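J.: sequence and predicted structure below; questions after.
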Amino acid sequence: MTTKPKKQKFIVEENETIDDCLDRMRQEGYFPVRRMEQPIFKEEIRDNIVEHVPCGRMIVFEGKLL
């Protein structure tokens, strides 16, 4: 018998809403205790200078086992 970890991170996927991710957490037996957002950058070259330009964000929920 395998046991689930007490804490697990859930990433909101590209074609998923926040509510869908929270529902997926509940189905696996976790409830959200923390929300984190991380920026996503892409590199652009302008005048031979590399710039990091924000192009999105990644939302991660930390879930605790019920």
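T.: All right, it came through fine. Residues are numbered from 1 along each chain as shown.
J.: buried residues in stretch 8-27?
T.: 10, 12, 21-22, 24-25 (16 or more other Cβ atoms under 10 Å). Just so you know, the C-beta spots here come from the backbone N, C-alpha and C atoms, and that holds for glycine as well.
J.: make a markdown table out of the residues you listed and add secondary structure.
T.: Formatted as a markdown table, those follow (DSSP: H, G, I helix; E, B strand; the rest coil):
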| residue | secondary structure |
| --- | --- |
| 10 | strand |
| 12 | coil |
| 21 | helix |
| 22 | helix |
| 24 | helix |
| 25 | helix |
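J.: show me which of the residues you listed is closest to residue 58.
T.: Of all the buried residues of stretch 8-27, residue 58 sits closest to residue 12, with 7.5 Å by Cβ to Cβ.
J.: report pLDDT for that closest one.
T.: On pLDDT, residue 12 comes in at 97.
J.: again, but for residue 1
T.: 61.
J.: repeat for residue 34
T.: 97.
J.: report the contact partners of it.
T.: 61-62 (Cβ atoms under 8 Å, 6 or more residues apart in numbering).
J.: and it, what are its bridge partners?
T.: residue 62 (DSSP bridges).
J.: one step back: in a markdown table: the buried residues of stretch 8-27, plus distance to residue 31.
T.: A markdown table is the format used below for those (distance: Cβ to Cβ, whole Å):
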| residue | distance to residue 31 |
| --- | --- |
| 10 | 11 |
| 12 | 16 |
| 21 | 13 |
| 22 | 9 |
| 24 | 12 |
| 25 | 7 |
